[in-house]
Structures are given as C-alpha cells and as structure tokens.
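[1] Got a sequence here, can you build the structure:
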Amino acid sequence: MNTITQIMKSLKSLLLIIALLGYTSSQAQSDYFSKIKPSKKLSVGLNLGLTNSYTDAPTNNTSSAFGLNVKYSVSHTVGLRMSYMAGSLKGDRSNTSESSGLNSFNFQNNFSTFDLSAVFTLGNISWLRNVRDLQYYSTLGLGIMSNNSTGEFGDPSEGSRSEYSESNVFVPFGVGLKYNLNEKFDIGLSTQFNFTFVDEIDAFNPNVIANKNNDNSNFTGISVAYKLGTDKNQTTHLDWINPVETIYNEITVINNNLKVLMQDTDGDGVGDYFDKNNETPEGIKTYGDGTAVDTDGDGLPDSNDKEIFSLVTDVDANGVAKDDDADGIPNALDAEPNSPAGAMVDSKGKAFEIKEYSAYNCDNVTLPTIMFDNGSSRISSSSYGALYTLAEKMRMCPSLSVTATGYTRSKSGERLAWKRANSIIDHLEANYGIERSRITTDYAADTDVDYASKRIDFSQSGN
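    Numbering: from 1, shown residues only. Have a look, this model is predicted:
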C-alpha cells in the first residue's frame, strides 16, 4: 500500500512539472506562431533493442526487449510520451571475485514497464536556423516496473532458488537521435537508463556485503514512429516545424533574387533583372536599362550609325538622313523634296537659278544660310552650292558687303561661331577670290532661330 501511494505521489509531481513546462512553452509560442496550431501532434512508435542489467550479477547480462509508445507534442520542443516495454534482464556471478559460495548465482527477470516521460527535442530549441532532418532529444520521467525474477545458487547452503515478483518505481532517463524520413515516418536510435530504488530485481537477496547497491538497467535500440494528425490539409508534424521558417524561406528567395540582379549575361554592366536587352554585343555602350546608346534617337544604335548626329529620325539602314533628291537637305527638312538633279537650293531645299549680272538687283539680294554639324567648323559638301551662289552674287555686285552671323550661348559657343564664319571666309577667298574685307562677322544669342547652334546666316550690310 505504501509503495502504491509513493508511486501515485511521484506520478502527480512529475505530471505537474511536465504540464507546467508544456503549458508555458505552448502559450509563449501560440501567441506569436499560429502556424503550429493545425500541425500534427500525435505519433505512435515501436521500439526494439537490447537490455543490460547493472545488478549484483554483473556478467553475461545482455538480453532483449521491445516496446510501444504514444507521444503528444505540446510544442515543437516539448512533448509527453507514454511507453510500455517488455523483455528480460539476465545476469551471472560466476566470474566475480566474491566468496565462492555465491559465485555460481545467475538470474533472469522477465519484466514489463510502464512510464510517462517528458521529451525535450534539443535539436529544435534554436530558431536561428532551419529545422534539420536529424534531431537529438532527451527524456525524463517516472514509471512502474513489474518483475518476475528467478535466481539460482550453486551453493546448497544458500538454497537452490530465489524469487522476486513485486513491482517497483523507477526513473527513466534517456537520450536519442531521430531522423525525419517523410511526412509519415521517423526512425531513431536511443538509449534509456532505468534507475530503481530497490536491490531485488535480480532476486539476489542474501544479506552480504556484495548485495548493497540498488539494481538498475539499460535499454538501447532502434525505433520507428508513425505521425498522426486530424487535419488532412496539414502534413507537417509539430516536431519538425520552426515557427520562423518562413523568414528563412524569404531570405532564401531574396538571396536568389540578388543572384539574378547581380547576373549580367551580356556583360554590358546592367543586371539581367533590369536589362531590356540581354544580348547586347560586347563593347557596346548602353543606357541604364541595358539598351544600346542612340544619340540622335533615329532608332539605330551608335555602334551601327554612320551619322550619329542626324538632324532627323527618317534615316536609312546606315543611320544616314534620307535625301531623295540629293540636294543636301534631308527629306524631313526639305521644302522641295523633288528638286531637279544638280539644282542649286537654299537652306530649305528650294531650287533657284543663277542669273546674269544685268538681271541682278544689288539693292535687294537674297543670301543663303550655311549649316554645320554639331561642334564642327568644317564646311560640308552639301553647302558648296550655297557658297557658290553667295560668291556669284558678290562677284556680280562688287559693292556688296555681307555680314556672317553666328549664334552662341556662351564663350565657347562664340569661339565656335567665329571659327565657322572664318572657314567660310577662307573658302570664298581661296576658291572665288572674294576679298575678306567685304565680309564681317557678328554674333547673336537668339535661341528662337531654327537650328541656331549649327548655322551661319548671311545678310546684306552694304552696297
């Protein structure tokens, strides 16, 4: 009666401690990690392995046992496990150095145990890493051991047999490893030490100095567990959940995206994620979106454009402005796109005729405009006809003086305008003998003039 009372008090104390640990852990987690609520919490298992006894008959003591267990996971780190185990314990004193009368003693205990233990999943305590498929754990609990032990003595003075068939309390402590095979099964390897408070499980009860220590036992074996759950949509068991797993998954996604962002297939300096053209040829300059630079916006990259600074976007396959009548004025700016071949035209593409001196009105002379490329003071071949016309007018009107007006917005622009005007004066002097003194230069800052930064206008200044 006293033994049963002691067992019940011990079980109540153990259950209270386990309940408090489980409740505290589950409450702290359930408030913040609702993810664990629908997960599987039950599992049933089968154990099979070897037993060893630590008794007064210490040798030749290996035997076998098997058992069943049911586990309920209170949280992803704490669980409760009920276990039943049945097997045998053996021992022999024939090789001990004790008195000869007891040397031939041996026993066999066909036992069964029932225990309730707390399971602490040590491999899943930290939330700073992903859950691994291999976990380690420890157990601690309280149980009852039912004994059917028989011993035999070789010395007749001790009697031929001894027996012990009572139940006793024991404290199971174990450690183990388990591996997550899949959503249904776990396998494991564990060892459990059963500490008793009696010295009778080996049925060795002579009142001698050799019979002075409590008898204990050990079980080491393999286990298979089947995971149960009530929610068909939830396939994960609570033991294999890390509540912050989603954070690590998001970090993984971010890392993968960063790899995509850093990847540059065509080597143009723009990551593939932002690159609108992942096949840009090597060495081609690109914009921030990975498309090839097109300075004049004519749709042809500078690398293939023979006229990078086209005034218009209507260009041919080589990026050169289309000029159907070949008068030097692009179609988009040509007021007469069908001028006769070889005709003299003004800056707007309008054809005009060269008249004899007698027909000239030197009091009212129309003078041309000369266009230049961006940043250049070189006279283009398309302007030679206009300069020829200007020279003819000045030759036919010997008293005619003109002013060459360039447009500028800065000192550097004024310098460029001066160089353009002088290149025209040099051309007229060298090719047509026009005196330099008849041409003066001037500058204006009128930004409203069409193509002001590229032109030199001529106007009559004297007759």
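[2] now the stretch 51-200 of the chain, which segments are flagged as low pLDDT?
    Counting by pLDDT under 70, the stretch 51-200 of the chain contains low-confidence ranges at 95-103, 126-129, 155-159.
[3] Which parts of it are strands?
    Counting by DSSP state E, counting those that start in this stretch, one finds strands in the stretch 51-200 of the chain at the ranges 62-73, 78-92, 106-121, 134-146, 149-152, 161-164, 167-180, 185-196.
[4] packing partners for the fourth one?
    Put plainly, it is strand 134-146. Taking 3 or more CB pairs under 8 Å, 6 or more residues apart in numbering; DSSP states H and E as the contact definition, the neighbouring helices and strands of strand 134-146 are helix 2-30, strand 78-92, strand 106-121, strand 167-180, strand 185-196. For glycine as for every other residue, the C-beta is placed from the backbone atoms N, C-alpha and C.
[5] The residue most central in space within the chain: what secondary structure?
    Nearest to the mean C-alpha position of the chain, by CA atoms, centre = their mean, lies Asn255 at 1.8 Å. State at Asn255, reduced to three classes by DSSP: H, G, I helix; E, B strand; the rest coil: helix.
[6] give the contact list for it.
    By CB atoms under 8 Å, 6 or more residues apart in numbering, Asn255 lies in contact with nothing.
[7] likewise Ser217?
    Shown in contact with Ser217 (CB under 8 Å, 6+ apart): Thr51, Asn52, Ser53, Tyr54, Leu89, Phe193, Asn194, Thr196, Ile201.
[8] In CSV, list those along with distance to Val175 and neighbour count.
    Formatted as CSV, the entries for those read as follows, by distance: CB to CB, whole Å; neighbours: other CB atoms under 10 Å:
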residue, distance to Val175, neighbour count
Thr51, 17, 23
Asn52, 16, 19
Ser53, 20, 25
Tyr54, 17, 19
Leu89, 21, 28
Phe193, 9, 17
Asn194, 14, 25
Thr196, 19, 20
Ile201, 23, 26
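[9] just those residues now: which is nearest Asp426?
    Each of these was checked against Asp426 using CB to CB; the closest is Phe193, at 109.9 Å.
[10] what about the strands of the stretch 51-200 of the chain, which gets the closest to Ala351?
    Among the strands of the stretch 51-200 of the chain, the nearest to Ala351 by CB to CB is strand 167-180 (90.0 Å).
[11] Run through the neighbouring helices and strands of the closest one.
    With contacts taken as 3+ CB pairs under 8 Å, 6+ apart, strand 167-180 sits against helix 2-30, strand 106-121, strand 134-146, strand 185-196, strand 216-228.
[12] and that strand with strand 106-121, angle?
    Direction vectors for strand 167-180 and strand 106-121, defined by axes from the mean of the first three to the mean of the last three CA atoms, to 10 degrees, enclose an angle of 50 degrees.
[13] partners of strand 167-180 in the sheet?
    According to DSSP bridges, strand 167-180 has the following sheet partners: strand 134-146 (antiparallel), strand 185-196 (antiparallel).
[14] Throw these into CSV and include distance to Thr59, thanks.
    Below are those laid out as CSV (distance: least, CB to CB, whole Å):
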stretch, distance to Thr59
strand 134-146, 22
strand 185-196, 19
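[15] Relative to Ile329, which of those strands is closest?
    Put simply, out of the strands paired with strand 167-180 the one that sits nearest Ile329 is strand 134-146, at 81.5 Å, with distance taken as CB to CB.
[16] how far out from the middle of the chain is the closest one?
    A distance of 41 Å separates the centroid of the chain from that of strand 134-146, by CA atoms, centre = their mean, to the nearest Å.
[17] Give me the buried positions along that strand.
    Gln135, Tyr136, Tyr137, Thr139, Gly141, Leu142, Gly143, Ile144, Met145 (16 or more other CB atoms under 10 Å).
[18] so can I have CSV of those residues showing distance to Asn364?
    CSV is the format used below for these (distance: CB to CB, whole Å):
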residue, distance to Asn364
Gln135, 104
Tyr136, 107
Tyr137, 109
Thr139, 116
Gly141, 120
Leu142, 124
Gly143, 126
Ile144, 130
Met145, 131
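[19] quick one: which of these is nearest Ser73?
    Compare each of the buried residues of strand 134-146 with Ser73 using CB to CB and the shortest gap goes to Tyr137, at 11.2 Å.
[20] In contact with that closest one, which residues?
    Tyr137 makes contact with Val119, Phe120, Thr121, Leu122, Gly123, Val175, Gly176, Leu177, Lys178 under the criterion CB under 8 Å, 6+ apart.
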